[in-house]
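Engineer: generate coordinates for the sequence data below:
(one chain, ligands or ions: 1)
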Amino acid sequence: MKKEVDVAIIGAGSAGLYALSQVRKQTDNFLLINDGPYGTTCARVGCMPSKSLIRIAEYYHEREYFEKSGIKNSDKLSICMPDVLKRVRKHRDILVAGNIKNITRLGDKVLSGRAEFINANTLKVGEDEIVAKKIIIATGSTPVLDPKWEAFKEHILTTDELFEQEDLPATLGVLGLGVIGLELGQALSRLGIKITAVHSREFIGGLSDPKVNENMLGLCKKEFDIWIGGGRAVLTKVDDKIKISNSENEMLVDKVLVAIGRKPNLESLKLENLGITLDKKGMPDFDPQTMQIEDLPIYIAGDVNADKPLLHEAADEGRIAGYNVVKDQKKFKRKVPLAIVFSDPNIALIGKDYKEIKDDESVITCSYDFKQQGRAFLINKNAGLANLYVQKSDGKLLGAQIAAPGGEHLAHHLAWAMEQELTVYDMLQLPFYHPTLEEGLYTLLLTCTKAIGKKTTGIREVPYGHL
Ligand SMILES: Cc1cc2nc3c(=O)[nH]c(=O)nc-3n(C[C@H](O)[C@H](O)[C@H](O)COP(=O)(O)OP(=O)(O)OC[C@H]3O[C@@H](n4cnc5c(N)ncnc54)[C@H](O)[C@@H]3O)c2cc1C
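Structural biologist: The predicted model follows:
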């Protein structure tokens, strides 16, 4: 079959579907091409099942405070892992079903199959040829695996398989304590699995601020075994177990959850047929404000461009690409970077990264230790550190790294304030109720005013006569 369309979108994940939401406002002549299962990575194997599992782990973890809070018989509570996993799949299935229902409504505007480029306007999908005026690449990413592990693949899990398991073993190695490894490693440990996590770098959970990292690492080490600094793990099969070893340690585990990163799904697209320069990872040059690849009629959105592999960024990039393929092209301002790790305490990275400000003398770093925080104390969560990066001259908020109770919400406040280009003085004039975790943020903002040397009452002054 040969088909001519205004827009072809490759990938029915979140970026592709957000792109489609813009495209459909202008044309019905589009084609959504998808290889593999529908339902999106986020809903099927990513954000949503992982958050469901983490919530169950949190419920169970809370039992540690039951006895001393007068709640009896907490030692009788136990985990039925098959039921935990069933519950996660139930959540997932509901979300995926809603997504698939929407896709089904598109009828013959959806084509299943793997797309590859013949040239900048032509795609091959199986035996079909699609000619499109504009094309959006939204093919997502895939977990990185070492081909050597193929020999004992029944012991290897990635997030593509984890939630599909009927049960989980007593011991699990976790390779990589980046965002995914840390979130899931902690949750599985809290559900009673003996976790041994191996991380070859110094920083966990995407952090780059040494003080916040040290604080978070200390908290995590109280919960499960973490090997840091002994180099990459080597896996070998020993009888029915897997030996994880590096230069400093070795350990036998039943299975290994591999979370050493995700690679963009570029290989199958045959971008070499576009006649453009690709970097050594096969990535084309694109503009993050238009999502356009060089001056081609092709746009690239979501995890596949490896810029900011997060759902909300995939959504924005999809919207930008979708708008630009059907309207006069615009550059869009990208939002303040915001990334959350749903560990306990939550890690959050907001605005400028520590590496960008660490040698900048016009920036000061102010800290708040949640050990002293009243509300956090009452809910048994008084641990964690927040570092805020502020412009010395006027107190403008530039960035923050936090590992703090309720960190995901504190991060929202900070990101919104940074997006509005607020200063610590502006923020202090906003209402804060009591008692709340946000009072930790209030104290942190006050610390900044002291460091800047210009104190404030924190109350907006009204010119006399206007009261
Ligand atoms: C365990 C886990 C937890 C996560 N948690 C969070 C979180 O809490 N918050 C957050 O913001 N982000 C989270 N993420 C990241 C988030 O899920 C991704 O950023 C997002 O799903 C990316 O969407 P996408 O549209 O780029 O890719 P996808 O949803 O993967 O869509 C890509 C689609 O393209 C298809 N495809 C690939 N190649 C081809 C081809 N050649 N032809 C046709 N189709 C093709 C794929 O099969 C797929 O259907 C998490 C990810 C994981 C794995």
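Engineer: dihedrals phi and psi, the residue nearest the centre of the chain?
Structural biologist: What sits nearest the mean C-alpha location of the chain, by C-alpha atoms, centre = their mean, is residue 310, with 4.7 Å. The phi/psi pair for residue 310 (degrees, to the nearest 10) reads phi -140, psi 150.
Engineer: distance-wise, check the spatially closest residue to it that is not a sequence neighbour relative to residue 135.
Structural biologist: Closest residue to residue 310 apart from its sequence neighbours, by C-beta to C-beta, 6 or more residues apart in numbering: residue 339 at 6.0 Å. Bear in mind the C-beta positions are built from the backbone N, C-alpha and C, glycine included. Using C-beta to C-beta, to the nearest Å, we find residue 339 at a distance of 29 Å from residue 135.
Engineer: and for residue 333?
Structural biologist: 25 Å.
Engineer: and whatever residue of the chain ends up closest to the ligand, what pLDDT?
Structural biologist: Nearest residue of the chain to the ligand (C-beta to the nearest ligand atom) works out as residue 13 at 1.8 Å. Per-residue pLDDT puts residue 13 at 98.
Engineer: correct me, but it touches residue 43?
Structural biologist: No. Contact criterion C-beta atoms under 8 Å: residue 13 and residue 43 do not qualify, at 9.4 Å.
Engineer: the two: which is more packed in?
Structural biologist: residue 13 (30 against 24; other C-beta atoms under 10 Å).
Engineer: for the more buried one, give me its contacts.
Structural biologist: Contacts for residue 13 (C-beta atoms under 8 Å, 6 or more residues apart in numbering) come out as 40-42, 138-140, 302-303, 314.
Engineer: make it 10 Å
Structural biologist: Contact partners of residue 13, counting by C-beta atoms under 10 Å, 6 or more residues apart in numbering, are 34, 36, 38-44, 46, 99, 138-141, 265, 301-304, 311, 314, 318.
Engineer: what strand or helix carries residue 288?
Structural biologist: Here residue 288, judged by DSSP states H and E, is contained in no helix and no strand.
Engineer: for the stretch 51-200 of the chain, what lies in contact range of the ligand?
Structural biologist: By the rule C-beta under 6 Å from any ligand atom, the part of the stretch 51-200 of the chain lying against the ligand is 114-115, 138-140, 159, 180.
Engineer: that should have said the stretch 251-400 of the chain, apologies.
Structural biologist: Residues of the stretch 251-400 of the chain lying near the ligand (C-beta under 6 Å from any ligand atom): 265, 268-269, 302-304, 309-312, 314, 342.
Engineer: can you pull the contacts of the residue nearest to residue 77 when sequence neighbours are not counted?
Structural biologist: Leaving aside its chain neighbours, residue 77 sits nearest to residue 63 (5.3 Å; criterion: C-beta to C-beta, 6+ apart). Contact analysis of residue 63 by C-beta under 10 Å, 6+ apart lists 71, 73-77.
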